[in-house]
Structure formats: C-alpha cells, structure tokens
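Peer 1: Here is the input, now give the coordinates:
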Amino acid sequence: MAGVAEEGTGRDDSAGGGALPARRGLDPLKPEVFNNRPHKRALVEHLRSLIGAADLASKQVASGAALSASALSKNLSGERLPHRSTIEAIIQLCGASEEVRALSLRLHTAALGEAHPA
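Peer 2: Numbers count the residues shown, from 1 in each chain. All right, here's what the predicted structure looks like:
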C-alpha cells in the first residue's frame, strides 16, 4: 500500500518524503567479554531479545531504566553486568510476563554467581 510505512522498518514509501529515521540496532556482542561466563552471555542475549521483541529503541530503554545511553550500551554488550533494578525496568518496559520476569531474574542470579563465586 503506497504511502504507508512498513511495520517496524521506519520507512515511508510516499512520494512526499516524511521518512522516519531508521532505528540503529544493537552493536554485535564481543565473544571475549564472555570468556568462561555462559550465564552472563545468556542474560545479555535474553535482555537484547526482550528489547528487540518489544521493538524499543535504545533511547527509550535508557530513559525508562534511568540509565545513560553509555551505561545501557555497556549492560547490553556484556561489558558490565546490569543491576537487578535495570533488569526489572527492562522487563516492565517490554511488557514481559511474570514467567519471563522470573527467568530474567534467574539468569541474573546465575550471572552474579559467575562474577562473584566466593
């Protein structure tokens, strides 16, 4: 249908312009960040998939989680393990179910155990 943006693309095919800016995707994960940290990787991939499924922009997530764009980037790249409050905020922003919330928190607990084994 001419003049209607394709869902999720940010494009408007009408001749009058009015195109929405394309949403920048998340940076690819760096495998070296996850050496001997499979739970951390699982948590980061899970959070990224929640955000992607909810079709949220990084700016929306950062704002809703009360984080800077840089801090969110570090959390979603695995460079920094997110705080529980950040995970709770992402879950709420994404409209995730209670089951998904429970899974997210189990992944976080496992990742914390890797980071602080003693």
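Peer 1: In space, what's closest to Leu67 - neighbours in sequence excluded?
Peer 2: In space, and not counting its chain neighbours, Leu67 is closest to Thr86: 6.5 Å by CB to CB, 6 or more residues apart in numbering. Where you see a C-beta, it was placed from the backbone N, CA and C, and this is true even at glycine.
Peer 1: Averaged pLDDT, the helix or strand in which Glu88 is found. What do you get?
Peer 2: Taking DSSP states H and E as the definition, one finds Glu88 inside helix 84-94. Mean per-residue pLDDT for helix 84-94: 97.
Peer 1: Per-residue pLDDT of the most centrally placed residue in the chain, please?
Peer 2: The C-alpha lying nearest the average C-alpha coordinate of the chain belongs to Arg48 (CA atoms, centre = their mean; 3.4 Å). Listed pLDDT for Arg48 reads 96.
Peer 1: returning to that earlier point: give me the residues contacting the helix holding Glu88.
Peer 2: 47, 50-51, 53-54, 56, 60-61, 64-67, 75, 82, 100-101, 104-105, 108 (CB atoms under 8 Å, 6 or more residues apart in numbering).
Peer 1: hey, C-alpha coordinates of the host helix or strand of His39 in CSV?
Peer 2: Per DSSP H and E, His39 falls inside helix 38-53. Taking Å, rounded to 0.1, in the frame of the first residue of the first chain, the C-alpha atoms of helix 38-53 are listed here in CSV:
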residue,chain,number,x,y,z
PRO,A,38,28.0,-18.5,29.8
HIS,A,39,25.3,-17.3,32.2
LYS,A,40,26.3,-13.7,31.6
ARG,A,41,26.0,-14.2,27.9
ALA,A,42,22.6,-15.9,28.3
LEU,A,43,21.4,-12.9,30.4
VAL,A,44,22.7,-10.3,27.9
GLU,A,45,21.2,-12.2,24.9
HIS,A,46,17.9,-12.6,26.8
LEU,A,47,17.7,-8.9,27.6
ARG,A,48,18.5,-8.0,24.0
SER,A,49,15.9,-10.3,22.7
LEU,A,50,13.3,-8.8,25.0
ILE,A,51,14.1,-5.3,23.8
GLY,A,52,14.1,-6.4,20.2
ALA,A,53,10.7,-8.2,20.5
